[in-house]
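**Q** Starting from these lines, generate the structure:
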Amino acid sequence: MTMRTLQRLLALALLGLAVPATAQRTGEGSVYSRFGLGNRVDYASSQLQAMGGGGVALFNLNYLNLSNPATWSEQVLTRATGTVVFQRLWATDASGNTTRLGSGALQSVHLSLPLRTRRIGLGLAFRPYTRANYLVRTGALLAHPELGDTIRYQIDYAGEGGLQQLNAGLGLYVHPRLSIGVRADLIFGIIEHTRRTRFFYPDLPGVMPTEYVPTLFATATRLAGARATVGVLLRLPAGRRPSDALAFGLTFSTPTTLRGTRVHTLGESLDRDTLGTPQRGNVYLPLSISWGVSYQKDNRWTLVLDGQYEPWSRFRSDLAFAGYNPDGENLFKDRLRLSAGLEYLPAGTDFSAAYFHQVAYRLGLYWERAYVDPRPDTPLHTLALTAGLSFPTLFPGTRLDVNLEVGTRGTTARNLVRDVYYRLGLSVNVGERWFLQRRFN
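**A** Numbering: from 1, shown residues only. Sure thing, here's the model as predicted:
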């Protein structure tokens, strides 16, 4: 490992350390993340994030594709990547009231190594699986019988946390047409929902009546479990040039059981009283199937089409969640995601071309039907456009990516909320040859 490599990895570390200064705080995400285990989060690579988020059948020497471990087989360089995402969201209710929210978070960190160049590749990653982050505020006037006055009470329903996943796996080159891969996924995290009640005098902002005690009731659920993911990549020639290629990809993630522990507390974080004994139970996550096709022409044009299906209608849990009760309500539905993306790299593999000819230009879109309905028979849909630029640097094998996503989620019908958001992603992708054997003449 060279000093230059250490400098690049230090830049990645500083990128991660810079996040807490603008870190996501409670209430700065979608209100729909209160349902189930939170909003599902898909992230494959900074390249694919700008191309609709699919890419099950796409291999690229400059990126580790987390959507399919079979694509890890043909790695040449050791790669380390870090991604930060900043979000701005406008939430509009049925009355036309709009709330503006902003946040930032570390999206993904991953490392890949070619154990045998273009034959066996190792991939490691840390990324979100679900995310819960919302704030719903209600309040009204309450008569004060002793003083003959009125006070205002306010209740804040908030949530934060979510599930993360650690990925580790291998990609294996089997045949010039075929690669396979296997990945172990450790899913874990804490999801906390709180209800804070406070009282105020309407004419004296900030002054709290002493006759009423503010309360904070919290429910924290800790979950952990593991699953396996298997991927296949089939490559076919397409066109007159050897660089033209058509590929098909397929992945299958097994159903899994998460062990859960739920604790109810009363009071602030430093002075909480536990209410009752912890609840324990299992949460059964469904399988996941992803498929895709990619077409690459002349090392300049790349097209991807993808789909993903998760039968969340088979979800079962010993613990209750918003939208699901073991003894009654079940608003969970099958999740479906469709995406398409396009990349244009004017220079192709000509590294002596002008700088802006070596910049990659990307566009994409996706549509998603969420795994839980906010109300019975009211599906939650997301539609988004994506775009991005990938800039080469003075260091061969290292690129800087800037991505943008603009989308809408939900509806104002039936007293629901419509989200309009944009996300800005910044990624540093470091690549270099490691573990070279020195030869002496």
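**Q** quick one: strands adjacent to the helix or strand that contains Val304?
**A** If you go by DSSP states H and E, Val304 is part of strand 301-310. Pairing partners of strand 301-310, with direction, according to DSSP bridges: strand 288-297 (antiparallel), strand 335-344 (antiparallel).
**Q** nearest to Arg131, of those?
**A** strand 335-344 (15.1 Å; CB to CB). Where C-beta positions appear, they are placed from N, C-alpha and C, glycine not excepted.
**Q** After that closest one, which helix or strand is next?
**A** Using DSSP H and E, the helix or strand that directly follows strand 335-344 along the chain is strand 360-369.
**Q** buried sites along that next one?
**A** 360, 362-366, 368 (16 or more other CB atoms under 10 Å).
**Q** Give me the mean pLDDT for that strand.
**A** For strand 360-369, mean pLDDT rounds to 98.
**Q** Can you name every helix or strand that the following helix or strand past it contacts?
**A** Next along the chain after strand 360-369, taking DSSP H and E as the criterion, comes strand 381-392. Helices and strands touching strand 381-392, by 3 or more CB pairs under 8 Å, 6 or more residues apart in numbering; DSSP states H and E, are helix 46-49, strand 360-369, strand 399-410.
**Q** and Arg34, which of these is closest to it?
**A** Of those, nearest to Arg34 by CB to CB is strand 399-410, at 12.5 Å.
**Q** Just checking: what are the partner strands of the closest one?
**A** Strand 399-410 sits in its sheet next to strand 381-392 (antiparallel), strand 418-432 (antiparallel), going by DSSP bridges.
**Q** Could you pull out the helices in the protein for me?
**A** 3-17, 46-49 (DSSP state H).
**Q** Average pLDDT for the strand holding Val304, rounded please.
**A** Rounded mean pLDDT across strand 301-310 is 97.
**Q** again, but for stretch 188-200
**A** 91.
**Q** who touches the residue nearest to Leu66 when sequence neighbours are not counted in this structure?
**A** For Leu66, ignoring the flanking residues on the chain, the nearest one in space by CB to CB, 6 or more residues apart in numbering is Ala44 at 4.9 Å. By CB atoms under 8 Å, 6 or more residues apart in numbering, the residues touching Ala44 are 53-55, 65-67.
**Q** in the longest strand seen in the chain, what's buried?
**A** The strand that spans the most residues within the chain, counting by DSSP state E, is strand 149-175. Within strand 149-175, the residues scored as buried using 16+ other CB under 10 Å are 151-153, 156-165, 167, 169-173.
**Q** just for the protein, where's the confidence low?
**A** When residues are selected by pLDDT under 70, those of the chain lie in 1-28, 140-149, 202-211, 269-271, 435-441.
**Q** mind listing what's buried in stretch 283-298?
**A** 283, 285-286, 288, 290-297.
**Q** Nearest to Arg316, out of those residues: which one, please.
**A** Nearest member of these to Arg316, counting by CB to CB, is Val283, at 7.9 Å.
**Q** Give the full set of residues in contact with that closest one.
**A** Contacts of Val283 (CB under 8 Å, 6+ apart): 37, 223, 225, 257-258, 260, 316-319.
**Q** Just give the number of residues close to Gly260.
**A** Gly260 has 20 neighbours, counted by other CB atoms under 10 Å.
**Q** Do I have it right that it meets Asp318?
**A** Yes: with contact defined as CB atoms under 8 Å, Gly260 and Asp318 form a contacting pair (7.2 Å).
**Q** who's Ala387 bridged to?
**A** Leu363, Leu404.
**Q** what residues are up against it?
**A** By CB under 8 Å, 6+ apart, Ala387 lies in contact with 50, 362-364, 403-405.
**Q** repeat for Phe59
**A** 65, 71, 74, 233, 247.
**Q** quick one: Ala57 from Tyr43, how far?
**A** 17 Å (CB to CB, to the nearest Å).
**Q** Oops, could you answer that again for Phe200 instead?
**A** Applying CB to CB to Phe200 and Tyr43 gives a distance of 42 Å.
**Q** likewise Lys333?
**A** Counting by CB to CB - Lys333 and Tyr43 are separated by 23 Å.
**Q** before we move on, what about Asn403?
**A** Asn403 is 11 Å from Tyr43, by CB to CB.
**Q** more crowded one of these two?
**A** The neighbour comparison of Asn403 against Tyr43 (other CB under 10 Å) goes to Asn403, with 24 against 21.
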